[in-house]
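Structure, please.
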Amino acid sequence: MKKKMLVAAVCVAMSMALCACNTTNPAGGKNPTQAPADVTLPATSTPGPTATPTEMDQAYAELPITNYDDYVATTVLPEGYMGFEVEKITETDVDVYVQEVLENNKVRELKDGPLEMGDIAIIDYVGYLDGVAFEGGSEASKELELGSGEFMEGFEEGLVGAKKGDALSLNLKFPDDYWSEEMAGKEVVFEVKIHSSAAQVLPEFTDEFVTEITSGAYTTTEDFRLYAKGFLTEERKYNGIMDYLVENAEFGKLNEDYIAAAFDLEKQYYAYMYGFTSVEEFESVFGEEASEVLWTMVEKQIRRYEQDRIVLYCVAKAENIELSETEYNEAVAEYAASNNMTLEQLYEVQDEATLRQSMLMEKALEHILVNIVEVEKEAE
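Model (predicted):
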């Protein structure tokens, strides 16, 4: 948990996870996309990013700086944050977590039987419009999870029941509001060849499984369950107290210059990550409606990120928390080393005043977390 606030101060894009949870889960399996859970990002055949990581780092470093001292007089913290109560994590909570870990680490088993939703298929496909193969409608040896929503409606559903070695034709229609005006509303035929198929099967929760997914950090199911209980407890404490503080605090005016600049940069970051030349190109492929949903959620995350930092800084001031020179020097050296940076390089992307404020926020977070009270869950 330590240094998360400091990391967030240096790079906004990396800080988005902080808005949901300030803990790290080493056993999560598949990596989540950076898009919100209900948003599917567009695929792109562009060879590579359109900006270098160095350019992006510099852009983040040039964001308008927030002096959190300016918020102290205009922010009213809610009562009751010291000694805040959360329900204890139960064995049932751990069971649910273990099940999620298993779901995120499914193993593939080759199958000759009919495909079902959730199966993986290796396919070749060619799309035809009026009997002519259209641009961007073909791919060889494509790995597709049925039910992923990666393809247009009807494509994945049309493969259900087919088997390895089958060739089939899918008669489909592009949506009327499809991003490409040339293809919108057009009826097409996809010729699909299925090379192989596999079912995704839950692994057994064994000592061997635990050892593998944690790279040896835990070697028994019992140890993993103990880890899970600690992780879930930390997560519940953090989410509970931060939600309580932000949802019940009274805020003055936020730093709108920072929020606007960070929002614009986040949009550029999405375009960069997916290999587009501009935000406009990203939006044209993603679609206007879906882009608006995504940008709304991104802006909300940025505002929540800023509110998280405001309340923690105000807690530091309210509780008279101070940062000694020894603590500051040790923390800066640790952070620079963990990111393979010299102190000189660190100060090129972050000024000392902002670093000190971030460290105060960390101390405030640790202070309120230590004082959280765990209570038994009430009987239903």
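
how about the residue nearest to residue 90 when sequence neighbours are not counted, phi and psi?
Distances taken as CB to CB, 6 or more residues apart in numbering place residue 377 nearest to residue 90, at 6.3 Å, with adjacent residues excluded. From N, CA and C alone the C-beta is placed, and that goes for glycine too. Per-residue torsions, residue 377: phi -70, psi 130 (degrees, to the nearest 10).

Make sure residue 145 is actually in contact with residue 123.
No. Using CB atoms under 8 Å, residue 145 is not in contact with residue 123; the gap is 11.4 Å.

Of the two, which one has the most company?
A count of neighbours by other CB atoms under 10 Å puts residue 123 above the other of residue 145 and residue 123, at 22 against 15.

So in terms of bridging, what pairs with the more buried one?
residue 142, residue 194 (DSSP bridges).

which residues sit in contact with it?
Residues in contact with residue 123 (CB atoms under 8 Å, 6 or more residues apart in numbering) are 141, 142, 144, 159, 192, 193, 194, 195.

Distance to residue 345, pLDDT and neighbour count for the residues you listed - can I get that in a markdown table?
Listed next are the contacts of residue 123 as a markdown table, based on distance: CB to CB, whole Å; pLDDT from 0 to 100; neighbours: other CB atoms under 10 Å:
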| residue | distance to residue 345 | pLDDT | neighbour count |
| --- | --- | --- | --- |
| 141 | 43 | 94 | 9 |
| 142 | 42 | 95 | 15 |
| 144 | 43 | 94 | 21 |
| 159 | 51 | 96 | 25 |
| 192 | 51 | 97 | 21 |
| 193 | 52 | 97 | 14 |
| 194 | 51 | 97 | 20 |
| 195 | 49 | 96 | 14 |
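
between those residues, which is nearest residue 91?
residue 144 (38.0 Å; CB to CB).

Now the closest one: which helix or strand?
Following DSSP states H and E, one finds residue 144 within strand 132-145.

buried sites along that strand?
Judged by neighbour count using 16 or more other CB atoms under 10 Å, the buried positions of strand 132-145 are 134, 144.

what residues does it touch?
Here strand 132-145 has contacts from 45, 118-129, 150-151, 156, 159, 183, 188, 190, 195, 200, using CB under 8 Å, 6+ apart.

mind redoing it with 10 Å?
Here strand 132-145 makes contact (CB atoms under 10 Å, 6 or more residues apart in numbering) with 43, 45, 115, 117-129, 150-151, 155-156, 159, 180, 182-183, 186, 188-196, 198, 200.

didn't residue 316 look like it was pressed against residue 75?
No. With contact defined as CB atoms under 10 Å, residue 316 does not count as touching residue 75 (11.9 Å).

shared neighbours of the two, anything?
residue 68.

more crowded one of those two?
Each of residue 316 and residue 75 has its neighbours counted (other CB under 10 Å); residue 316 has more, 24 against 20.

Buried residues of the helix or strand the more buried one falls within, list them for me.
Using DSSP H and E, residue 316 sits within helix 288-318. For helix 288-318, burial by neighbour count (16+ other CB under 10 Å) applies to 290-291, 293-295, 297-299, 301-317.

next structured bit after that helix?
helix 325-338.

so what does that next one touch, helix or strand wise?
In this structure, helix 325-338 makes packing contacts with helix 4-10, helix 343-349, helix 352-370, judged by 3 or more CB pairs under 10 Å, 6 or more residues apart in numbering; DSSP states H and E.

Mean confidence (pLDDT) on that helix, please.
Along helix 325-338, the predicted confidence averages to a pLDDT of 92.

Work out the gap between that helix and the centre of the chain.
Chain-centre distance of helix 325-338: 27 Å, with CA atoms, centre = their mean, to the nearest Å.

Mind listing the strands the strand or helix carrying residue 168 pairs with, and their directions?
The secondary structure element spanning residue 168 is strand 167-173 (assigned by DSSP H and E). Strand 167-173 sits in its sheet next to strand 187-201 (antiparallel), going by DSSP bridges.

May I see the buried residues of the strand it pairs with?
188, 190, 192, 194, 197, 198, 199.

what's the following helix or strand after that strand?
Next along the chain from strand 187-201, counting by DSSP H and E, comes helix 207-213.

For residue 44, report the pLDDT, please.
35.

got it, and residue 38?
With respect to pLDDT, residue 38 has a value of 41.

For the protein, which residues score under the pLDDT cut-off?
The chain contains residues with pLDDT under 70 at 1-62, 64-65, 379-380.

Outline the domain layout of it.
4-102+208-375, 108-201 (automatic domain parsing).

quick one: which two of the contacts of residue 123 are the most distant?
Most distant of the contacts of residue 123, by CB to CB, are 141 and 159, 15.3 Å apart.

gap between the closest residue to residue 246 other than its chain neighbours and residue 108?
With sequence-adjacent residues excluded and distances taken as CB to CB, 6+ apart, residue 246 is closest to residue 307, at 4.8 Å. Counting by CB to CB, to the nearest Å, the separation of residue 307 from residue 108 is 43 Å.
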